[in-house]
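[1] Take this sequence and fold it.
(2 chains)
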There are 2 protein chains.
Amino acid sequence: MKISDVGEFGIIRMIQERLSVSPENVVVGIGDDGAVYRTTPGREQVAVIDTMVEGEHFIIHRTATWHAVGYKAVAANLSDLAAMGAVPTQAVVSTALAPTMEVSEVLAMYDGMQDVCRTYGVNIIGGDTVMAKESAVITVTALGEVEAGRALLRSGAKAGDIVAVSHTLGDAGAGLDVLLSGTAGYESLVRAHQYPVPQIQLGRILAAHHGGCANDISDGIAGEANEIAKASHADLVLYAESIPVSAALRQWCAQEKKDVFHYVLQGGEDYELIFTLPPETFSAVRRQIPNLTPIGRVCAGTGRVRWVQDGKESIVPPHGWTHF
Amino acid sequence: MKISDVGEFGIIRMIQERLSVSPENVVVGIGDDGAVYRTTPGREQVAVIDTMVEGEHFIIHRTATWHAVGYKAVAANLSDLAAMGAVPTQAVVSTALAPTMEVSEVLAMYDGMQDVCRTYGVNIIGGDTVMAKESAVITVTALGEVEAGRALLRSGAKAGDIVAVSHTLGDAGAGLDVLLSGTAGYESLVRAHQYPVPQIQLGRILAAHHGGCANDISDGIAGEANEIAKASHADLVLYAESIPVSAALRQWCAQEKKDVFHYVLQGGEDYELIFTLPPETFSAVRRQIPNLTPIGRVCAGTGRVRWVQDGKESIVPPHGWTHF
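    Okay, the predicted model is just below:
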């Protein structure tokens, strides 16, 4: 059964039935001209928006299932909220869908959205569903809250801070290559690409410590570290030997004769956090959150990223993924 | 010069430079992982989202300029906020653009967004720009505020209320036909289609009177009136002779041998408000806002729309525009 069989209003009704929520802070959910919700006194609001285009950000049945597309479309937004130190609250979703798309595929995509929203306590309170020419386009706006004055800004890195990251880097980029090559196995890399984990808890703890800055790693650390260095008017010195890399990534790179640091620096969509903190604060945070790794230092400088590998230093250009 | 000549980061930088805002309630605007803003104590927040697809919602150079596309993408969202009684505050914008699009066209589109935002005091605080396959897809999320408990809901119509609309109906749908037919003239109809006016002030006054319900007319009053009737569990009786229609629409219909009520009932994108109010409240509101016309009454019933024309009554099915 295709979308064109049930019509626009039919598919909207099916989506609505799956997304019903009735939490305390939602006054009016899906079904009116707009959604109405309450905010928490003393907190500032954070808004993020992110779009995924079929054929550009995913190739269906090859790099993603529809469930994974829905999950990731929301998770990418929650990752941006994590990088601001915000707790996610609400989401609104717009999908442009081809009439030839199977209804079961549409519902699987919304199930993926609902799954990640349930995990992080987010309500899908509104949406729009329109006809696309051929490729699906999914746009999610996520809203969150952070204590006033506590948002984690890119401009917050200070000389003397430790630069650290969560978990391991490069897995998602390698997972994409695993899928594109049609190789079996490497499930952890594939999962890192398809089902990223937004670092909400880490972001909240960083905001509570009010000590530094954060960026989520959507385009590889080359770009993200450069954004922090530029916004903070300081240099970031990163040590290649300190970068946390998974055994699976090392194995994939050995098998394919690829450079691990290619994936670390320019691999996309890890959705880990890169952040800076004074050393004593970093120690305190690491007692609360496992799997954090110091990878360098902030130094007085002109806004560059300096990469130290095998005792030699080079400058990392800000070439993350560029889509055009 | 095309997008592919300046690259993704180049076009994002150009867009950012045009959208800089620094009002009191915005803490962090464009340029970090997310935007941070403050809300007003005692008010509830309203979120809306709306998407326009090239080739589906507009045909460039035929039914719209890029400036008009940007203007309307935002105005359609502001109209939804008006229908909730909210004052618009912030917007986030996502565009999926083909690399072959001219940079000047992209900037014209964002100028259109900026123009309508400036008129209504809205800040574009964040966005996303990604590559589309071929057609442009523009998604806008607009945020607004309304005094707690005052949002205008579709379920608020009560037996005895007057049903009224703002300005004239059917102009936008006829304007689209003027453009599609390549006919010269009929500037007021064309303008109604390309540059709709969100009825923010009317929505705010209705919320202040706290008396009824509202819907914005995006798909013709057949659909919108049915939504109110269904949500309110009441019948709406509408009088054809009372519907306000412009002289230009009458002239176009006479020339083209078309039915005025086709455009009124099913014509899309007027973005006027249809609302209900007790008679005494309606009189008070009409003293504050000109160009409001009573077109019918709310009666006890089962959620139907009854249409009275030439002394005969018929039931209006809820067939607004359906996109699939």
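
[2] residue boundaries of the helices in chain A?
    Counting by DSSP state H, the segments of chain A that form helices are A:3-19, A:66-83, A:103-120, A:171-181, A:187-194, A:200-209, A:221-232, A:247-256, A:260-266, A:279-288.

[3] what's the angle between the fifth one and helix A:247-256?
    If you take axes from the mean of the first three to the mean of the last three Cα atoms, to 10 degrees, helix A:187-194 sits at 100 degrees to helix A:247-256.

[4] so what does helix A:187-194 touch, helix or strand wise?
    The contact analysis (3 or more Cβ pairs under 8 Å, 6 or more residues apart in numbering or on different chains; DSSP states H and E) places helix A:187-194 against helix A:66-83, helix A:171-181, helix A:247-256. For glycine as for every other residue, the C-beta is placed from the backbone atoms N, C-alpha and C.

[5] Could you list the low-pLDDT ranges of the stretch 201-324 of chain A?
    For the stretch 201-324 of chain A, applying pLDDT under 70 flags the ranges A:320-324.

[6] let's see it at 80
    Scanning the stretch 201-324 of chain A for pLDDT under 80 picks out the ranges A:211, A:319-324.

[7] what's the answer for the stretch 1-150 of chain A, then?
    A:8-9, A:20-23.

[8] and with 90 instead?
    A:4, A:7-24, A:29-31, A:131-134 (pLDDT under 90).

[9] For the residue nearest to A:Cys253 when sequence neighbours are not counted, which residues are in contact?
    Using Cβ to Cβ, 6 or more residues apart in numbering or on different chains and skipping residues adjacent in sequence, the residue nearest A:Cys253 is A:Val260, 4.9 Å away. Applying Cβ atoms under 8 Å, 6 or more residues apart in numbering or on different chains, we find A:Val260 in contact with A:Gly170, A:Val245, A:Leu249, A:Arg250, A:Cys253.

[10] measure A:Val260 to chain B for me?
    Taking Cβ to the nearest Cβ, to the nearest Å as the measure, A:Val260 and chain B are separated by 26 Å.

[11] Roughly how far does that residue sit from A:Glu187?
    Distance, A:Val260 to A:Glu187, by Cβ to Cβ, to the nearest Å: 19 Å.

[12] again, but for A:His319
    Counting by Cβ to Cβ, the separation of A:His319 from A:Glu187 is 30 Å.

[13] Which of these two has more residues huddled nearby?
    A:His319 (14 against 11; other Cβ atoms under 10 Å in any protein chain shown).

[14] Name the nearest residue to the more buried one, sequence neighbours excluded.
    In this structure, A:His319 finds its nearest non-sequential neighbour in A:Ala222, 6.0 Å apart by Cβ to Cβ, 6+ apart.

[15] ditto for A:Ser232
    A:Ser232's closest residue in space is A:Ala157 (Cβ to Cβ, 6+ apart), at 3.7 Å.

[16] cool, A:Val308 as well?
    A:Tyr239 (5.0 Å).

[17] And for A:Ser135?
    A:Glu54 (4.0 Å).

[18] Could you do A:Val122 as well?
    Among residues not flanking A:Val122 along the chain, A:Pro88 sits closest, at 4.8 Å (Cβ to Cβ, 6+ apart).

[19] check contacts around the residue nearest to A:His319.
    Each residue near A:Ala222 by Cβ under 8 Å, 6+ apart is listed here: A:Leu265, A:Gln266, A:Val305, A:Val316, A:Pro317, A:Pro318, A:His319, A:Gly320.

[20] And A:Ile30, by the same measure?
    A:Gln16, A:Leu19, A:Ser20, A:Ile124, A:Ile125, A:Gly126, A:Gly127.

[21] One more: A:Leu176?
    A:Thr63, A:His193, A:Gly268, A:Glu269.

[22] at 6 Å what do you get?
    Under the criterion of Cβ atoms under 6 Å, 6 or more residues apart in numbering or on different chains, the neighbours of A:Leu176 are A:His193.

[23] And stretch A:116-136, what's buried?
    A:116-117, A:120, A:122-133, A:135-136 (16 or more other Cβ atoms under 10 Å in any protein chain shown).

[24] Inside strands: which ones of those?
    Per DSSP state E, strands hold the following members of the buried residues of stretch A:116-136: A:Asn123, A:Ile124, A:Ile125, A:Gly126, A:Gly127, A:Asp128, A:Thr129, A:Val130, A:Met131.

[25] Which ones, among these, also lie beside chain B?
    A:Gly126, A:Asp128, A:Val130, A:Met131 (Cβ under 6 Å from any Cβ of the partner chain).

[26] Output these as JSON lines; include the columns distance to A:Ala214.
    Formatted as JSON lines, these follow (distance: Cβ to Cβ, whole Å):
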{"residue": "A:Gly126", "distance to A:Ala214": "28"}
{"residue": "A:Asp128", "distance to A:Ala214": "31"}
{"residue": "A:Val130", "distance to A:Ala214": "34"}
{"residue": "A:Met131", "distance to A:Ala214": "38"}
